[in-house]
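Asker: need coordinates for the following:
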Amino acid sequence: MEGIDVARLTDGTPLGGAQFLSVAMVALFSLLLFGGVGYCLDDENCFVCHRYSGLGAIGQDGKERVFYINEEFFRLSVHANVRCTSCHTDIKKIPHTKAKRVSCAQECHIKEPSSGRSFSHKPVYDEYKESVHGKDIRLGYELDKPNCVYCHQNPLCKVDPEKVSGDQLAVLLRCYGCHVDQDWTNRFFRHFVCRLQRRLTSAEVVNLCSSCHEDAEKMARYGLEPTWTLKDSFHYEAIKYGDPHAPNCITCHAPAIEGQKYDVHNLVHVSSPMSPLNSVEKKIQVCGQPGCHPGATPQFVKGKVHSAGLKFTILEEALLKKGVSLTPQQKKLILERAKKEEHMARVIYYVQLGYTIFIGVICGLMFIHQVLDFMASLRERRKARR
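Answerer: So this is what the prediction gives:
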């Protein structure tokens, strides 16, 4: 279900009479035609309708609501083993009318094996509600803060149990020894292996966080500085060039430090005593993580990360000395102009470099031509003397 947000998709206006009749006819036809065909973990036959890409409606706000779900994507997603009505608990009959927004805090579909209780995201959801992202919502700006589905889009588990090798194959074969239902074992194995891997790359994490934190107007409502200049830092340069160990926002704001419990779901403001960036001592630990800056000193951690643009910092400090304070909008305009000028400077540099190389190659070839021509002339003279 890549890019599909179930909670948002089902928050539309009920279908009108003609639309409802059309969908009902399609559903009836599909039941007659495909009644004997089983869909992936779809005991409730939801894909009878939701498998059609044209299924949708126009909401009261005038926006389109798409109700199509890609069956293949859903089969490979982390929720492939979940019945639709395990989340959409208000749906009691098919065809149904408007579905309510799904709450990620409700009890889920399976028993959690270590406790025997029904599984639930509620503990994580409760942490999120107490974090900077889950509270202090401004009236009239309820969509400012990210909710669960803003960051979690039911990612795909593309691990194919039939194509694994090496240590993974050895583990899978040991699983088969006890768990004889191979379909169930393959689903569990795929889920387990995917959970051991990074869900997002560093570039994807930065882009996700930046989708909010680069918005100057939104940040101003919460007394925060926008983070445009993060992409002018050395850290982001490492991300751009594909360094697998390049740090991202989570690396610093929810670091994996031994003996400390920091989590992206319970992020706090840097001024909070619970923040990993609250003091020089904690920053040394953050910067000194394995693979980062071992031996970081108090002086080292004083360096700026988000405001890493040297020219911009110099300009800002010069203006402050003159008593001029830049607004977030002015900062953004200056940075955008600086980036454009930097881009043009790079273009000019590479054009000059290409021209220099081109002239050098031409001159070199002309020199080689003259040498070969001179040698040919010498051979002709020697032949004439004979």
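
Asker: which stretches of the stretch 101-250 of the chain form strands?
Answerer: Applying DSSP state E, counting those that start in this stretch to the stretch 101-250 of the chain gives strands spanning 107-111, 118-120.

Asker: would you turn these into a markdown table with mean pLDDT?
Answerer: Shown next, in a markdown table, are those (pLDDT from 0 to 100):
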| stretch | mean pLDDT |
| --- | --- |
| strand 107-111 | 71 |
| strand 118-120 | 80 |
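
Asker: is it possible to export the ones you listed to CSV including distance to Glu336?
Answerer: Just so you know, the C-beta spots here come from the backbone N, C-alpha and C atoms, and that holds for glycine as well. Formatted as CSV, these follow (distance: least, C-beta to C-beta, whole Å):
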stretch, distance to Glu336
strand 107-111, 45
strand 118-120, 45
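
Asker: any chance of those strands in CSV, plus mean neighbour count and distance to His235?
Answerer: Shown next, in CSV, are the strands of the stretch 101-250 of the chain (neighbours: other C-beta atoms under 10 Å; distance: least, C-beta to C-beta, whole Å):
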stretch, mean neighbour count, distance to His235
strand 107-111, 13, 37
strand 118-120, 14, 36
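
Asker: for Lys163, which of those is the nearest?
Answerer: Within the strands of the stretch 101-250 of the chain, the stretch nearest Lys163 is strand 107-111; the backing value is 26.5 Å (C-beta to C-beta).

Asker: the domain parsing of the protein - what is it?
Answerer: Domain assignment for the chain, taken from automatic domain parsing, gives 1-103, 216-308.

Asker: got CSV for the ones you listed, with distance to Pro328, mean pLDDT and mean neighbour count too?
Answerer: Listed next are these as CSV, based on distance: least, C-beta to C-beta, whole Å; pLDDT from 0 to 100; neighbours: other C-beta atoms under 10 Å:
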stretch, distance to Pro328, mean pLDDT, mean neighbour count
domain 1-103, 29, 66, 15
domain 216-308, 4, 84, 15
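
Asker: need these in a markdown table with distance to Ile368, can you?
Answerer: Below are these laid out as a markdown table (distance: least, C-beta to C-beta, whole Å):
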| stretch | distance to Ile368 |
| --- | --- |
| domain 1-103 | 56 |
| domain 216-308 | 37 |
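
Asker: Tyr350: which of those is closest?
Answerer: Closest approach to Tyr350 among the domains of the chain (C-beta to C-beta): domain 216-308, 16.6 Å.

Asker: run the chain-centre distance for that closest one.
Answerer: How far domain 216-308 lies from its chain's middle: 17 Å, per C-alpha atoms, centre = their mean, to the nearest Å.

Asker: for stretch 90-102, same thing?
Answerer: 30 Å.

Asker: can you give me the first-to-last residue distance of that stretch?
Answerer: This stretch, stretch 90-102, spans 9 Å end to end (C-alpha to C-alpha, to the nearest Å).

Asker: neighbouring contacts of stretch 171-190?
Answerer: Leu76, Ala80, Asn81, Cys157, Val159, Asp160, Pro161, Val164 (C-beta atoms under 8 Å, 6 or more residues apart in numbering).

Asker: how about 6 Å then?
Answerer: Residues outside stretch 171-190 that contact it (C-beta atoms under 6 Å, 6 or more residues apart in numbering): Asn81, Cys157, Val159, Pro161.

Asker: now the nearest residue in space to Lys302 that is not next to it in sequence: phi and psi?
Answerer: Leaving aside its chain neighbours, Lys302 sits nearest to Val280 (7.9 Å; criterion: C-beta to C-beta, 6 or more residues apart in numbering). Main-chain dihedrals, Val280, degrees, to the nearest 10: phi -60, psi -40.

Asker: use 8 as the first number for this chain going forward.
Answerer: In the new numbering, first residue 8, that becomes Val287.

Asker: among the contacts of stretch 178-197, find me the one that's closest to Thr258.
Answerer: Cys164 (24.0 Å).

Asker: these two touch, right, that closest one and Cys201?
Answerer: Yes. Applying C-beta atoms under 6 Å, one finds Cys164 in contact with Cys201, separated by 4.0 Å.

Asker: in the stretch 8-157 of the chain, which spans are helices?
Answerer: Under the criterion DSSP state H, counting those that start in this stretch, helices of the stretch 8-157 of the chain are mapped to 13-16, 24-41, 54-57, 78-83, 91-94, 129-136, 155-158.

Asker: which residues are in contact with the fifth one?
Answerer: Same thing as helix 91-94. Glu51, Cys53, Ile98, Val109, His116.

Asker: longest single helix anywhere in the chain?
Answerer: Criterion DSSP state H: the longest helix present in the chain is helix 335-392.

Asker: now for it, which elements pack on it?
Answerer: Helix 335-392 sits against helix 223-227, with contacts defined as 3 or more C-beta pairs under 6 Å, 6 or more residues apart in numbering; DSSP states H and E.

Asker: tell me the centre residue of this protein?
Answerer: Residue closest to the average C-alpha location in the chain (C-alpha atoms, centre = their mean): Glu211, at 3.6 Å.

Asker: neighbours around Ala210, how many?
Answerer: Close neighbours of Ala210, defined as other C-beta atoms under 10 Å, add up to 14.

Asker: could you measure from the closest residue to it other than its chain neighbours over to Glu211?
Answerer: Among residues not flanking Ala210 along the chain, Ile246 sits closest, at 5.2 Å (C-beta to C-beta, 6+ apart). In this view, Ile246 and Glu211 are 10 Å apart by C-beta to C-beta, to the nearest Å.

Asker: do the same with Gly61
Answerer: 30 Å.

Asker: now do Gly298
Answerer: 19 Å.

Asker: over to Ser282?
Answerer: 24 Å.

Asker: ok, now Leu372?
Answerer: 47 Å.

Asker: next: His57.
Answerer: Separation of His57 from Glu211 (C-beta to C-beta) stands at 27 Å.
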